[in-house]
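Novice: Predicted model and sequence follow; I will ask about them next.
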Amino acid sequence: MAEQNYFPEGMLSATAENKEFISSVAGLERAILQDRILEARTILCDSGHNLIVDLGGVRGIIERSETAIGISDGSVRDIAIITRVNKPVCFKVQQLVHDPNGQAIAFLSRAQAQRECIEKKISKLQPGDIVDGRVTHLEPFGCFVDIGCGVIAMITIDNISVSRISHPRDRFFAGQYIKAVVKDIDKETGRINLSHKELLGTWEQNAAFFEAGQTAAGIVRSVESYGVFVELTPNLAGLAEWKEGIVPGQQTAVFIKNIIPQKMKLKLIIIDSFDGEFVREKPQYFIEEGHIDRWRYSPPSCERLVETLFTMDDRFYAGAV
């Protein structure tokens with residue numbers, strides 16, 4: 001079997017190798033011989049919840065039972081099939097046949113690709129491993145992330161960034177490619193939990209972008225009786241003096257009065273605030289690959305320790321949708 005790259009769905013479609021495989025009957029036949037995982041766009045979900053995949057001149061069919069691990073036993077609902085329409089899906093080519101008119105039909109299996117991804121990649125992950133992911137959908141409590149062939153993991157809202165947000169859409173959007181780190185594995189459900197904040201830099205790394213005396217752009221994250229928390233970067237927020245009329249979500253210009261590493265604090269003064277569309281910036285990662293066992297957010301001089309420890313847990317079986 002040829003070496004595979006178990007990408008999140010959407011990353012393989014545009015590659016020259018993938019296009020070559022799916023562009024002809026001969027290419028699909030080679031894919032069977034080489035046991036390749038391919039990817040193409042779903043154009044239809046029929047009344048039987050079978051997926052029809054765009055393979056150019058060949059009709060590609062993923063029968064309902066092969067659309068995802070868990071469909072057959074009911075642990076994955078049919079909505080997971082319907083929501084794949086007009087999106088890329090990974091698959092293995094099971095067989096090529098011809099209809100009475102001589103038209104080639106390719107029977108495909110997404111579940112087979114997922115099982116291989118779990119066996120060869122997902123089951124070998126350890127807490128602290130950094131992975132590529134693609135955001136599939138957002139909920140108030142967190143976001144769901146494809147970490148390979150439609151295998152889903154989750155980032156809870158408190159693990160998205162150090163600076164608190166009201167909803168994951170403050171950071172992410174569906175379809176976005178991100179980096180994440182394996183936080184832990186739920187022994188009972190087998191679900192993988194990810195974290196994102198550790199890759200966005202420590203307090204010192206983020207504070208190094210600023211100096212006392214500067215006026216910087218920010219966004220109001222919360223308003224308390226004792227002051228206003230303003231985010232300068234996803235992993236850095238400071239406390240501004242209370243000011244009337246300020247509400248969460250507003251854009252601000254803040255004067256940086258003081259930076260205190262020993263207390264991990266920024267003292268700010270709000271110069272201006274206004275309502276404006278929040279633009280989600282592409283995450284700036286300080287760590288992009290490899291493995292981390294321990295991540296310390298707080299500066300060495302700070303009297304308060306804020307850190308994440310990644311420890312090995314029991315082996316697991318991942319879920320997929």
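Specialist: Looks like it came in fine.
Novice: got a list of what Gly245 touches?
Specialist: Ser273 (CB atoms under 8 Å, 6 or more residues apart in numbering). (Each C-beta comes from the backbone N, C-alpha and C, glycine too.)
Novice: Following element in sequence after the helix or strand that contains Ile259, please.
Specialist: Taking DSSP states H and E as the definition, one finds Ile259 inside strand 251-260. Using DSSP H and E, the helix or strand that follows strand 251-260 towards the C-terminus is strand 265-274.
Novice: quick one, that following strand and strand 251-260 angle?
Specialist: 160 degrees (axes from the mean of the first three to the mean of the last three CA atoms, to 10 degrees).
Novice: re the thing from before, what does the strand holding Ile259 contact?
Specialist: By CB under 8 Å, 6+ apart, the residues outside strand 251-260 that reach it are 207, 210-220, 230, 232, 238, 240, 246, 265-276, 278.
Novice: Parallel or antiparallel, list what pairs with that strand.
Specialist: strand 215-224 (antiparallel), strand 265-274 (antiparallel) (DSSP bridges).
Novice: so where's this structure shaky on pLDDT?
Specialist: Judged by pLDDT under 70, the chain has its weakly predicted residues at 1-3, 187, 190, 278, 312-321.
Novice: ok, which stretches of it are helices?
Specialist: Shown for the chain, the helices assigned by DSSP state H span residues 16-22, 25-34, 79-82, 110-120, 203-207.
Novice: Make TSV out of those and add mean neighbour count.
Specialist: TSV is the format used below for the helices of the chain (neighbours: other CB atoms under 10 Å):
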stretch	mean neighbour count
helix 16-22	17
helix 25-34	16
helix 79-82	16
helix 110-120	22
helix 203-207	20
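Novice: Nearest to Ile157, out of those helices?
Specialist: Among the helices of the chain, helix 203-207 comes nearest to Ile157, with 19.6 Å by CB to CB.
Novice: Which neighbouring elements make contact with the closest one?
Specialist: Counting contacts by 3 or more CB pairs under 8 Å, 6 or more residues apart in numbering; DSSP states H and E, helix 203-207 packs against strand 236-240.
Novice: Parallel or antiparallel, which strands does the strand it packs on pair with?
Specialist: strand 227-233 (antiparallel), strand 265-274 (parallel).
Novice: got the CA positions of it in PDB?
Specialist: Output in PDB follows, covering the C-alpha atoms of strand 236-240 (Å, rounded to 0.1, in the frame of the first residue of the first chain):
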ATOM      1  CA  LEU A 236      -3.300  38.700  26.000                       C
ATOM      2  CA  ALA A 237      -5.800  41.000  27.700                       C
ATOM      3  CA  GLY A 238      -5.500  43.900  30.000                       C
ATOM      4  CA  LEU A 239      -7.700  45.800  32.500                       C
ATOM      5  CA  ALA A 240      -8.800  49.300  31.600                       C
END
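Novice: How about residues contacting that strand?
Specialist: By CB under 8 Å, 6+ apart, strand 236-240 touches 162-164, 203, 206-207, 221, 226-232, 252, 254, 256, 265-270.
Novice: just the buried members of these?
Specialist: 162-163, 203, 206-207, 221, 227-232, 252, 254, 256, 265-268, 270 (16 or more other CB atoms under 10 Å).
Novice: of all the strands paired with strand 236-240, which lies closest to Lys120?
Specialist: Each of the strands paired with strand 236-240 has some distance to Lys120 by CB to CB; the shortest is strand 227-233, at 36.4 Å.
Novice: Surely Gly57 touches Ile105?
Specialist: No. If you go by CB atoms under 8 Å, Gly57 and Ile105 don't touch, sitting 11.2 Å apart.
Novice: what about Lys183, how many neighbours?
Specialist: 21 (other CB atoms under 10 Å).
Novice: Now it. Nearest residue, chain neighbours left out?
Specialist: Nearest non-adjacent residue to Lys183, counting by CB to CB, 6 or more residues apart in numbering: Ser195, 4.3 Å away.
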